[in-house]
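Novice: here's my sequence, what's the structure:
(one chain, ligands or ions: 1)
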Amino acid sequence: MSVLEPVTLTTPRLILRPLIEADLPALFAIFSHPEVMRYWSYPALTDMTQARDMLQRIQASYQDGSAVRLGIALRCDGVLLGTCALFNFHEASRRAEIGYALGRPHWGNGYMHEALTALINHAFASLDLLRLEADIDPRNTGSARTLERLGFQKEGHLRERWVVNGEVSDTVWYGLLRREWQNTR
Ligand SMILES: CC(C)(COP(=O)(O)OP(=O)(O)OC[C@H]1O[C@@H](n2cnc3c(N)ncnc32)[C@H](O)[C@@H]1OP(=O)(O)O)[C@@H](O)C(=O)NCCC(=O)NCCS
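Specialist: Predicted coordinates:
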């Protein structure tokens with residue numbers, strides 16, 4: 001049983017919404033880019049079939065409630081900038097993990113900060129979660145800055161936790177508590 005349902009959230013510049021078939025070319029562009037995928041948990045996409053499989057998995061998770069991965073689009077023209085997600089939901093402990101990626105041309109504009117602020121508000125206020133977690137590669141300094149600006153705290157370093165493309169890498173584990181988030185808003 002899960003409460004992770006696809007929703008639509010708006011921010012001053014962005015709309016976070018369920019992903020649809022028409023997003024496939026943009027999804028492929030984002031998740032085939034080597035810089036975007038440098039520290040991701042699976043290799044870069046190499047063809048559209050993989051993008052289609054990815055979209056099918058995302059839409060299946062909308063159905064079974066195991067995860068919610070939303071597209072991040074510009075309100076002004078609808079361009080899909082990236083995605084953000086809640087997954088690894090633990091109902092009894094009221095926690096979930098977050099994941100996120102922006103297309104390479106869109107880094108450095110504060111878009112992910114804005115999108116995750118809305119997603120975190122949704123997780124803590126509407127879904128009544130108490131804790132959010134993030135698992136990042138220690139070399140992913142851009143992602144660490146994004147998390148720390150949002151108030152996530154570094155909680156641990158797990159050695160040799162991932163093997164992607166034959167490369168072994170560590171995890172830095174981050175956590176954000178609802179009470180901390182509320183105290184800073
Ligand atoms: C992680 C990732 C989303 C960060 O992208 P980002 O654009 O730096 O994200 P933010 O929204 O936090 O943007 C903050 C940056 O925008 C700048 N910025 C510009 N205009 C801004 C605005 N109006 N508001 C806030 N920040 C703004 C900030 O100064 C900051 O730059 P800095 O980090 O050089 O100081 C991006 O690097 C990415 O998609 N990486 C690949 C996927 C990935 O690794 N995901 C995480 C896996 S765990």
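
Novice: helices along the chain, start to end?
Specialist: Using DSSP state H, the helices of the chain run over 24-31, 48-64, 111-121, 141-149, 178-184.

Novice: columns mean pLDDT and distance to the ligand on top of those, output as CSV?
Specialist: Bear in mind the C-beta positions are built from the backbone N, C-alpha and C, glycine included. Formatted as CSV, the helices of the chain follow (pLDDT from 0 to 100; distance: least, CB to the nearest ligand atom, whole Å):
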stretch, mean pLDDT, distance to the ligand
helix 24-31, 98, 8
helix 48-64, 97, 14
helix 111-121, 98, 3
helix 141-149, 98, 4
helix 178-184, 95, 16
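
Novice: what parts of the protein come near the ligand?
Specialist: 36, 39, 99-102, 107-113, 136, 140, 142-143, 145-146, 149 (CB under 6 Å from any ligand atom).

Novice: in the chain, what residue is nearest the ligand?
Specialist: Among all residues of the chain, Gly110 sits closest to the ligand, at 2.3 Å; criterion: CB to the nearest ligand atom.

Novice: what's around that residue, how many residues?
Specialist: Close neighbours of Gly110, defined as other CB atoms under 10 Å, add up to 12.

Novice: how about the helices of the chain, which one is nearest Glu155?
Specialist: Among the helices of the chain, helix 141-149 comes nearest to Glu155, with 11.1 Å by CB to CB.

Novice: chain center to the closest one, what's the gap?
Specialist: Relative to its chain's centre, helix 141-149 lies at 13 Å (CA atoms, centre = their mean, to the nearest Å).

Novice: then stretch 166-174?
Specialist: How far stretch 166-174 lies from its chain's middle: 17 Å, per CA atoms, centre = their mean.
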